[in-house]
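S.K.: What follows is a predicted protein model with its sequence.
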Amino acid sequence: MTPIVISPLAIELARAQFGFTIAFHIMFPAFSIGLASYLAVLEGAWIFTQKSIYLDAFKYWLKIFAVVFAIGVVSGLVMAYEIGTNWSGYSNSVGPILGPLLAWETLTAFFLEAGFLGIMLFGLERVGKTLHFAATLAVAIGTIISASWILAANSWMQTPAGAVMGADGKFVPQNWFEIIFNPSFPYRWVHMVIAAYLATALTVGAASAWQLLHNNKNKVSRLTFSMALWMIALVIPVQIMAGDTQGDNTLAYQPAKLAAIEGDFHTGVQPLNLFGWPDRKTGELLYPIAIPHLGSLILTHKWNGVVQGLDAFPKKNWPVLDVTFWSFRIMVGLGFAMLGYGLLSFYLRARKQFYESRWFQWLAVAMGPTGFIAIVMGWTTTETGRQPWSVYGLLRTSQSVSPLTLSEVAASFAIIIVLYGIVFGSGLRYLLKLMATEPHIGETGPSPDLPLRTHGPQGLYTEPGSPVAAE
């Protein structure tokens, strides 16, 4: 294909625009995946133990899930339009692959989620707890299936298999099994799903800690705080190992990306570059802080293992160096901070100070957004490390962009920023107010916009001053 002639600055701005929208969007599906499974665990625990506290926690987080799910669906629509307007070359070439994958996502996942979501949200007192639990499980499974199709599509762009590019520049499917289960898909699926669970646990832990700072005796908040920290402490080591296996896969199939991640410019025995500044012009890592041989040991499991550097690839095929290098380090740094956070929780449990340590609760609040930041940083590493390719090694970004002027891209980007700030900013504000509201025994928990309710007979909640409340 002949590259479309377009200003390099316009291409970079179009990429930045898509990066902005996907960074915002990816947090909500990840939260939906984690919350749906968490709700299934809470409802299952209620059915198994018959303890109402699990039902109270379920009802409280169910309303938050509804808001998160809605924002995720709406924010995803923007990206679909954006691909059509800014990336017509990509759509034309990759349509025969991505079209069926997204259609299968709709048929197998979205219909499943949409079909049972209404029962999950409104059917507990109408269909019985067994059927309602089945609906909750269906929604949870649907979110994972949806993530699987999206990850299959994106992983195919990273490690394309099972298709060839025709003379007209369009990819022609040859083997759908190879397309879906491409070389990077299993590793990225495990890493992303665990990341969604961790981000959710961190958010639940932060919200519960905030509630405990205001009322340390709230039983629902204590339960969800404890569950969240168990999840973080037990799963973060698994996530670190999953990230290591994904690194091995990247070394095998995207060595230029790995060289950019590690800051390795020269082929040979590699140190572990902790910090530094990758300089594209000089082809050197400036101001490096490194541990000799450790990079080779981690990647090849050999002390003197040889690893390809960026000098093994044409400079025109080098990824975006500085963003890829630093986004990876932010992600890894947050991962080890989560590990320390989990170990602290073990220590405080052993000292019988888990619920009493206010400094730890403030730490939990501060750690709340780190899961989503790590997801965004990991996604940034993946996408900038793939450059200058839209489909790795086969379709360049310059061949994927629409013939747009810089002013057109800038105008659409500005509109998106304003709309996101108004519409989704309001949604986020309401979501935070919901999570800051203390859960109450026997009900979902009051809306932050409504007066606090008090206990009534039969476990009902009534407005203060009502005849029932007076009784």
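M.R.: Now that the structure is in, tell me what you want to look at.
S.K.: okay, CA-based contacts and neighbour counts for the rest of this
M.R.: OK.
S.K.: what does the domain assignment say about this protein?
M.R.: As recorded under automatic domain parsing, the domains making up the chain are 8-251+320-439, 444-471.
S.K.: Mean pLDDT and mean neighbour count for the ones you listed - can I get that in CSV?
M.R.: Shown next, in CSV, are these (pLDDT from 0 to 100; neighbours: other CA atoms under 10 Å):
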stretch, mean pLDDT, mean neighbour count
domain 8-251+320-439, 91, 19
domain 444-471, 35, 14
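S.K.: Turn those domains into TSV, columns for distance to Glu284.
M.R.: Output for those, formatted as TSV (distance: least, CA to CA, whole Å):
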stretch	distance to Glu284
domain 8-251+320-439	11
domain 444-471	54
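S.K.: Indicate which one of those is closest to Pro278.
M.R.: domain 8-251+320-439 (5.9 Å; CA to CA).
S.K.: what about that closest one, start to end distance?
M.R.: Counting by CA to CA, to the nearest Å, you get 52 Å between the two ends of domain 8-251+320-439.
S.K.: ok so, going back, and of the domains of the chain, who's closest to Thr300?
M.R.: With CA to CA as the measure, domain 8-251+320-439 is the member of the domains of the chain nearest Thr300 (8.2 Å).
S.K.: In which helix or strand does Val172 reside?
M.R.: Using DSSP states H and E, Val172 sits within strand 171-173.
S.K.: what does that strand contact?
M.R.: Outside strand 171-173, the residues that touch it by CA atoms under 8 Å, 6 or more residues apart in numbering are Ser93, Val94, Gly95, Pro96, Ile97, Gly162, Ala163, Val164, Met165, Gly166, Ile179.
S.K.: what sits against the second one?
M.R.: Think Val94. So Val94 contacts Lys170, Phe171 (CA under 8 Å, 6+ apart).
S.K.: any idea how far the helix or strand hosting it is from the chain center?
M.R.: Element membership of Val94 [criterion: DSSP H and E] is helix 88-105. Its chain's C-alpha centre and that of helix 88-105 lie 22 Å apart, by CA atoms, centre = their mean, to the nearest Å.
S.K.: Show the subsequent helix or strand relative to that helix.
M.R.: For helix 88-105, the succeeding helix or strand toward the C-terminus, using DSSP H and E, is helix 111-122.
S.K.: Touching that following helix from outside, list them.
M.R.: Counting by CA under 8 Å, 6+ apart, residues outside helix 111-122 touching it are 62-63, 66, 127, 132-133, 135-136, 138-140, 142-143.
S.K.: And for stretch 221-233?
M.R.: For stretch 221-233, using CA under 8 Å, 6+ apart, the contacting residues are 57, 198, 201-202, 204-206, 208-209, 211-212, 216, 338-339, 341-343, 345-346, 355, 438-439.
S.K.: coming back round to it: of all the domains of the chain, which lies closest to Asp311?
M.R.: domain 8-251+320-439 (13.2 Å).
S.K.: Which helix runs longest in this structure?
M.R.: helix 8-49 (DSSP state H).
S.K.: Against which helices or strands is that helix packed?
M.R.: Packing partners of helix 8-49 (3 or more CA pairs under 8 Å, 6 or more residues apart in numbering; DSSP states H and E): helix 52-86, helix 129-158, helix 185-214, helix 370-386, helix 406-419.
S.K.: now those in JSON lines, with distance to Ile240?
M.R.: Converted to JSON lines, those look like this (distance: least, CA to CA, whole Å):
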{"stretch": "helix 52-86", "distance to Ile240": "27"}
{"stretch": "helix 129-158", "distance to Ile240": "19"}
{"stretch": "helix 185-214", "distance to Ile240": "9"}
{"stretch": "helix 370-386", "distance to Ile240": "12"}
{"stretch": "helix 406-419", "distance to Ile240": "34"}
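S.K.: Leu299: which of these is closest?
M.R.: helix 185-214 (15.6 Å).
S.K.: Who are the packing partners of the closest one?
M.R.: Applying 3+ CA pairs under 8 Å, 6+ apart, we find helix 185-214 packed against helix 8-49, helix 129-158, helix 219-253, helix 358-367, helix 370-386, helix 425-436.
S.K.: Please name the residues that touch Phe31.
M.R.: Counting by CA under 8 Å, 6+ apart, Phe31 has contacts Val68, Ala196, Tyr197, Ala199, Thr200.
S.K.: My read is that the first one contacts Phe28, right?
M.R.: Right, the one you point to is Val68. Yes: the pair Val68 / Phe28 is scored as a contact, 6.0 Å apart, by CA atoms under 8 Å.
S.K.: quick one on the thing from earlier: mind putting the contacts of helix 111-122 into CSV with distance to Asp244?
M.R.: Shown next, in CSV, are the contacts of helix 111-122 (distance: CA to CA, whole Å):
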residue, distance to Asp244
Leu62, 34
Lys63, 36
Ala66, 34
Val127, 45
His132, 39
Phe133, 36
Ala135, 36
Thr136, 33
Ala138, 31
Val139, 30
Ala140, 27
Gly142, 28
Thr143, 25
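S.K.: measure Arg329 to Pro319 for me?
M.R.: Going from Arg329 to Pro319 by CA to CA gives 16 Å.
S.K.: now do Arg396
M.R.: Using CA to CA, Arg396 is found at 12 Å from Pro319.
S.K.: Give me the common contacts of those two.
M.R.: Common contacts of Arg396 and Pro319 (CA under 8 Å, 6+ apart): Gln387, Pro388.
S.K.: quick one: contacts of stretch 365-372?
M.R.: Residues from elsewhere that reach stretch 365-372, judged by CA under 8 Å, 6+ apart: 27, 195-196, 198-200, 202-207, 209-210, 334, 338.
S.K.: The same query, at a cut-off of 7 Å, please.
M.R.: Met27, Leu198, Ala199, Leu202, Thr203, Gly205, Ala206, Ala207, Ala209, Trp210, Leu334 (CA atoms under 7 Å, 6 or more residues apart in numbering).
S.K.: Start and end of that stretch, how far apart?
M.R.: 14 Å.
S.K.: Assign Leu286 to helix, strand or coil.
M.R.: strand (DSSP: H, G, I helix; E, B strand; the rest coil).
S.K.: Grab the nearest non-local neighbour of it.
M.R.: Distances taken as CA to CA, 6 or more residues apart in numbering put Trp277 closest to Leu286, at 4.9 Å, once the chain neighbours are dropped.
S.K.: So the one you found versus Phe325, what's the distance?
M.R.: 8 Å.
S.K.: The residue nearest to Leu286 sits in which helix or strand?
M.R.: For Trp277, the host element (DSSP H and E) is strand 272-279.
S.K.: Work out the gap between that strand and the centre of the chain.
M.R.: 26 Å.
S.K.: in its sheet, what does it sit against?
M.R.: Strand 272-279 sits in its sheet next to strand 284-291 (antiparallel), going by DSSP bridges.
S.K.: In the partner strand, which residues are buried?
M.R.: With burial defined by 16 or more other CA atoms under 10 Å, the residues of strand 284-291 counted as buried are Glu284, Leu285.
S.K.: Show the subsequent helix or strand relative to that strand.
M.R.: Following strand 284-291 toward the C-terminus (DSSP H and E): helix 294-300.
S.K.: Which residues does that next one contact?
M.R.: Helix 294-300 has contacts (CA under 7 Å, 6+ apart) with Asp248, Val269, Gln270, Pro271, Leu272, Lys302, Trp303, Asn304, Gly305, Val306, Val307.
S.K.: on that earlier part again, just curious, which of the contacts of Phe31 is nearest to Val238?
M.R.: Closest approach between the contacts of Phe31 and Val238, by CA to CA: Tyr197, at 11.9 Å.
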